[in-house]
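S.K.: Coordinates for the following, if possible.
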Amino acid sequence: MAFVTTAEVCDANQDLIRSGQLRALQPCFQIYGRRQIFSGPVVTVKVFEDNGLIRQFLEEKGNGRVLVVDGGGSLRCAILGGNPVVQAQNNGWAGIIVNGCIRDVDEINGCDIGVRALSSHPIKASKKGLGEQRVPLNIAGTRICDGEWLYADTDGILVSHIELSV
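M.R.: Down below sits the predicted model:
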């Protein structure tokens, strides 16, 4: 998606919106990182106040993928920090969506990667590695499945069953 806005994608794909094949997340996410526009195939992780699985995924080559993390919407600690985001940037991830909190905001804002999260929090999460990988998630009023496509810009976040072209 070469600089086509999410608004333009919605305007050009009304049939996909009506059928539920193209969905918009509710506007509850803050924008972090230098890359405000990003897209890619989705990898899903479900955790709660634990970032072990998140770190494990971000150690892999990203190949332009987007990690979508359902942190249960917890606002009690940060499940993503600066070090894993730097690693994600270096490993070629396009972006990270966090239904929860992040920390090390200044460091993350210096990275060439897109990050969306509910808020920031100074307390770090545990590192037990508990959670589920590649499972359907329900965040921000939207079901998101592993392998779907995510498109994000300053207007919002879209998820599609298929890769879109406008």
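S.K.: Grab the most central residue of the chain for me.
M.R.: residue 97 (1.8 Å; C-alpha atoms, centre = their mean).
S.K.: I'd guessed that residue sits against residue 113; true?
M.R.: No - counting by C-beta atoms under 8 Å, residue 97 sits too far from residue 113 to count as a contact (11.6 Å). Backbone N, C-alpha and C define where each C-beta goes, glycine included.
S.K.: Please identify the helix or strand for residue 23.
M.R.: Using DSSP states H and E, the element containing residue 23 is strand 22-24.
S.K.: Return the list of helices and strands in contact with that strand.
M.R.: helix 6-12, helix 14-19, strand 142-144, strand 156-160 (3 or more C-beta pairs under 8 Å, 6 or more residues apart in numbering; DSSP states H and E).
S.K.: ok, 6 Å please
M.R.: strand 156-160 (3 or more C-beta pairs under 6 Å, 6 or more residues apart in numbering; DSSP states H and E).
S.K.: What is the strand it packs on packed up against?
M.R.: Using 3+ C-beta pairs under 6 Å, 6+ apart, strand 156-160 sits against strand 22-24, strand 149-153.
S.K.: Among these, show me which one is buried the most.
M.R.: Highest mean neighbour count of the helices and strands packed on strand 156-160: strand 149-153, a mean of 23 (counted as mean count of other C-beta atoms under 10 Å).
S.K.: where in this protein is pLDDT low?
M.R.: Along the chain, segments meeting pLDDT under 70 span 1-3, 166.
S.K.: quick one on the thing from earlier: who touches the strand holding residue 23?
M.R.: 13, 16, 142, 156, 158, 159, 160 (C-beta atoms under 6 Å, 6 or more residues apart in numbering).
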